[in-house]
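[1] For reference, the sequence and a predicted model appear below.
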Amino acid sequence: MSASKPQESGKVRIQPSLNKSEEEFVARRRNSVLQSLKKLQIQCRKDEVPNIALLASGGGQRAMVGLLGSLVQLQKADLLDCVLYLGGVSGSTWCMASLYQEPDWSTKLESVKDKIIQRLSGPAVSGRDLFAKLKKYYYGKDFFSLTDIWAVIVMTTFVKEIDEHTLTEQWDQQSKDPLPIYQVIDKQGKQSKERDPWFEITPHEAGYSLTGAFVDASSFGSQFQKGSKKNKQDEFDMLYLQALCGSALADEDEIKKLLLQKIKDLFQQNEKILEEMRKDLSGGILKTADKKAEELDVKRHTMDACKKWERINVWPFDTLRCIIECINKWIWGRNYNFLHNMTDERKINTALEVPAALLESETRDFADAGLLLNSPYLSVLRKERNIDLIISLDFSGGDPFMTVKDAAKMCRERNIPFPEVIIPSEDSEKPKDFYVFKGQNVPTVIHIPLFNVVNCGDKIEDWSNKYRTFQLPLSAEMITDLMEVAEQNITNNKAKVVEEIRAIIEQKRSRH
């Protein structure tokens, strides 16, 4: 049975419920999960089937490769077909985007894995193709931001391709895989501490997870007015989506340095010109209390730099001006706000408490969810999804428990059911490979740190230093070694995962 093709409505949906297409998917997938449980010698009725979400944290290419290795082993352990949702942020979404290129990838994962590794170990995208893609983004979209630049000159460095398929096109090929959930954050929502900065993108819908405000996935980026589509924008492609999800995790100065280096590689100009570019892009803007004066200063600085670059034939004037302005103003992921001017809708749905700022602004900026929480808990934990078990694969750098601790804190603040998270003090520096957090009327959370005392022994720090979040693309040998480490975490804990699934089914049974 093929996956249902998302139907475009052209309307904003504000409802505390799942999209109809997602409901249909869940019903089909639960039948498949029931059959996979039988393979694991787990007997249960259809109404006892647990809703299981597999979450993958960010962590650059370490997360991409780590997730791939984990999924391969989950498939071999007959656990992958038990998963209803596959959620990711940042680097883990790069893996997801690669997987869903292949129809029914979970049925042929070994060959899909080989194909991905071969590409990651292969040649870089040509400069000619990069230039062509950057121009296509610039001239083909209403808004051009650093996310477009990041997609072309940074994302392609890691994924070694320009994937111009769309999310809805990918999903139309699938029938036997978990539903992917890509999560980003609304930057303005994060800065103003609005109730719901969490923004999810599935093959069916894109929107604010907790508020319950969505548009068709193919309409994300289009202009809406009072809840109806006004001007259509072509659906974003997968290269852009990966950049939207996987950007801005490092600090601002480091990203600026990287962008400058990539621009240098792309333009291949002499050192004198590059030094001038470096000055133009990284300094000289006065910060003033007067907002208008600051904006005029940015504009003047931008115009001066563009005129100089145009004289040396580096790039067309209008594009240069836009690139420098994006860097100076630090604009990421700018898109139309589909909730703009939805005053009447808000009155009808007051219980949903749509933040006023979401209704007023014409545009919103979106960025890497790792800036707030480096795992997609908040989107997956929507009440309507009724998640019973979360398997959290943590590929983060630094504190191996930060994602689950932060998720617990954020859920408490929002009255979202979540188990208490208590970490033994001695485990902070030397984590084990399997943790379970559970309680009454809350989902069970399994947390698996990538590097731990079981698969790394006393060399956790060495592994962490070898595989940093922000580093050059991994070699073929490094990819193989990292895959093996990630696979061990699943192999060593299959029995424990099965035990937790059994326990959840028993809980469901006892309630009937």
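    The structure has been received and is ready for your questions. Numbering: from 1, shown residues only.
[2] low-confidence ranges in the stretch 151-300 of the chain?
    Low-confidence segments of the stretch 151-300 of the chain, defined by pLDDT under 70, span residues 193-194, 248-254, 259-260, 263-300.
[3] residues contacting Ala367?
    Shown here is Ala367, whose contacts under the criterion Cβ atoms under 8 Å, 6 or more residues apart in numbering are 147, 184-185, 187, 244, 247-248, 332-333. C-beta: built from backbone N, CA, C; applies to glycine.
[4] any chance you could read off phi and psi for it?
    Taking degrees, to the nearest 10, you get phi -150, psi 180 for the backbone angles of Ala367.
[5] Make JSON lines out of the contacts of Ala367 and add distance to Leu67.
    Formatted as JSON lines, the entries for the contacts of Ala367 read as follows, by distance: Cβ to Cβ, whole Å:
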{"residue": "Thr147", "distance to Leu67": "22"}
{"residue": "Val184", "distance to Leu67": "17"}
{"residue": "Ile185", "distance to Leu67": "20"}
{"residue": "Lys187", "distance to Leu67": "25"}
{"residue": "Leu244", "distance to Leu67": "18"}
{"residue": "Ser247", "distance to Leu67": "18"}
{"residue": "Ala248", "distance to Leu67": "20"}
{"residue": "Trp332", "distance to Leu67": "24"}
{"residue": "Gly333", "distance to Leu67": "22"}
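[6] from the residues you listed, which two are the most distant?
    Thr147 and Ile185 (13.1 Å; Cβ to Cβ).
[7] Compare those two and say which one has the larger neighbour count.
    Taking neighbours as other Cβ atoms under 10 Å, Thr147 and Ile185 compare with Thr147 leading, 31 against 23.
[8] That one touches Ala243, doesn't it?
    Yes. Thr147 is within contact range of Ala243, at 5.1 Å (criterion: Cβ atoms under 8 Å).
[9] Just to be sure, Tyr182 is in a helix?
    No. With DSSP: H, G, I helix; E, B strand; the rest coil as the criterion, Tyr182 is strand rather than part of a helix.
[10] hey, what's the closest residue to it other than its chain neighbours bridged with?
    Counting by Cβ to Cβ, 6 or more residues apart in numbering, Tyr182 lies nearest to Ile201, which is 4.4 Å off, once chain neighbours are set aside. According to DSSP bridges, the partner residues bridging Ile201 are Tyr182, Ala206.
[11] Next, the contact list for Ile201, please.
    Ile201 sits next to 167, 181-184, 217, 220, 241 when contact means Cβ under 8 Å, 6+ apart.
[12] which stretches of the stretch 51-200 of the chain form strands?
    Assignment of strands within the stretch 51-200 of the chain using DSSP state E, counting those that start in this stretch yields the ranges 52-56, 85-88, 179-186, 198-201.
[13] Of all those, which one comes closest to Pro431?
    Checking those against Pro431 by Cβ to Cβ gives strand 52-56 as the closest, at 17.0 Å.
[14] If you count contacts, what does that closest one end up packed against?
    Counting contacts by 3 or more Cβ pairs under 8 Å, 6 or more residues apart in numbering; DSSP states H and E, strand 52-56 is packed against helix 60-76, strand 85-88, helix 91-99, helix 377-380, strand 389-394.
[15] redo that, cut-off 7 Å
    Contacting strand 52-56 under the criterion 3 or more Cβ pairs under 7 Å, 6 or more residues apart in numbering; DSSP states H and E are the following elements: strand 85-88, helix 377-380, strand 389-394.
[16] now those as a markdown table including distance to Asn19?
    Putting these into a markdown table (distance: least, Cβ to Cβ, whole Å) gives the following:
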| stretch | distance to Asn19 |
| --- | --- |
| strand 85-88 | 13 |
| helix 377-380 | 13 |
| strand 389-394 | 21 |
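[17] Minimum distance to Lys133: which of those has it?
    Evaluated with Cβ to Cβ, the helices and strands packed on strand 52-56 place strand 85-88 nearest to Lys133, the distance being 23.4 Å.
[18] For the closest one, C-alpha coordinates in PDB please.
    These are the backbone C-alpha positions of strand 85-88, laid out as PDB (Å, rounded to 0.1, in the frame of the first residue of the first chain):
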ATOM      1  CA  TYR A  85       7.800   8.200  14.000                       C
ATOM      2  CA  LEU A  86      11.500   9.100  13.200                       C
ATOM      3  CA  GLY A  87      12.300  12.600  14.500                       C
ATOM      4  CA  GLY A  88      15.500  14.600  14.000                       C
END
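[19] Packing partners of that strand?
    Identification of packing neighbours for strand 85-88 by 3+ Cβ pairs under 7 Å, 6+ apart yields strand 52-56, strand 179-186, helix 377-380.
[20] what's the closest of these to Asp172?
    The closest approach between Asp172 and any of the helices and strands packed on strand 85-88, judged by Cβ to Cβ, belongs to strand 179-186 at 13.2 Å.
[21] what packs against that closest one?
    Short answer (3+ Cβ pairs under 7 Å, 6+ apart): strand 179-186 packs on strand 85-88, strand 198-201, helix 238-245, strand 363-368, helix 377-380.
[22] okay, the angle between the longest one and helix 60-76?
    In other words, helix 238-245. Between the direction of helix 238-245 and that of helix 60-76, the angle (axes from the mean of the first three to the mean of the last three Cα atoms, to 10 degrees) works out to 110 degrees.
[23] got the angle between helix 238-245 and strand 179-186?
    Note on geometry: by the same axes, to 10 degrees, helix 238-245 and strand 179-186 are set 50 degrees apart in direction.
[24] Identify the residues contacting helix 238-245?
    The contact list for helix 238-245 (Cβ atoms under 7 Å, 6 or more residues apart in numbering) reads 89-90, 93-94, 97, 147-148, 150-151, 155, 159, 162-167, 182, 184, 201, 333, 366, 368.
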